[in-house]
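1. Fold the stuff below for me.
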Amino acid sequence: MTDEFVVDICRKAIQTALMISGPMLLAGMIIGLIVSIFQATTQINEQTLTFIPKIIAVFITLLLMTPWMIHTMTSFATAIFTTIATF
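-> Model prediction:
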């Protein structure tokens with residue numbers, strides 16, 4: 001195994017991790033922004049107001065994206081095992 005091979009595997013692993021976590025992070029960020037705008041317009045300064053909507057949004061996103069996430073992780077693992085088997 002060469003250095004380029006190891007760097008390529010690490011790059012693909014990081015890319016896969018970002019792809020898998022991206023939708024949930026994006027949902028939490030969007031809900032946080034919406035709640036922040038709501039708090040700014042109504043002048044409600046409650047710090048704990050954002051937690052429940054964020055948790056619900058991330059959970060719903062996780063339920064909707066689970067098949068895609070499993071497919072992405074499975075194809076990544078299959079590619080890694082296939083590549084390692086060739087050495």
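2. From A17, how far off is F5?
-> 19 Å (CB to CB, to the nearest Å). Placement of C-beta: from N, CA and C, glycine included.
3. just A79 next, same as before
-> 15 Å.
4. does the spatially most central residue of the chain sit in a helix or strand, and which one?
-> For the chain, the residue nearest the mean C-alpha position is S21 (0.9 Å; CA atoms, centre = their mean). Assessed by DSSP states H and E, S21 sits inside helix 3-42.
5. helices or strands up against that helix?
-> Contacts defined by 3 or more CB pairs under 8 Å, 6 or more residues apart in numbering; DSSP states H and E place helix 3-42 against helix 51-85.
6. Work out the gap between the helix it packs on and the centre of the chain.
-> Relative to its parent chain, helix 51-85 has a centroid offset of 8 Å by CA atoms, centre = their mean, to the nearest Å.
7. got the angle for it vs helix 3-42?
-> 170 degrees (axes from the mean of the first three to the mean of the last three CA atoms, to 10 degrees).
8. List the buried residues of helix 51-85.
-> Within helix 51-85, the residues scored as buried using 16 or more other CB atoms under 10 Å are K54, A57, V58, T61, M65, M69, F76.
9. What helices and strands are in contact with that helix?
-> Packed next to helix 51-85, using 3+ CB pairs under 8 Å, 6+ apart, are helix 3-42.
10. any idea of the mean pLDDT in the helix it packs on?
-> In this model, helix 3-42 has an average pLDDT of 94.
11. Equivalent analysis for stretch 48-55, please.
-> On average, stretch 48-55 scores 90.
12. Which residues does that stretch contact?
-> G28, I31, G32, I34, V35, S36, Q39 (CB atoms under 8 Å, 6 or more residues apart in numbering).
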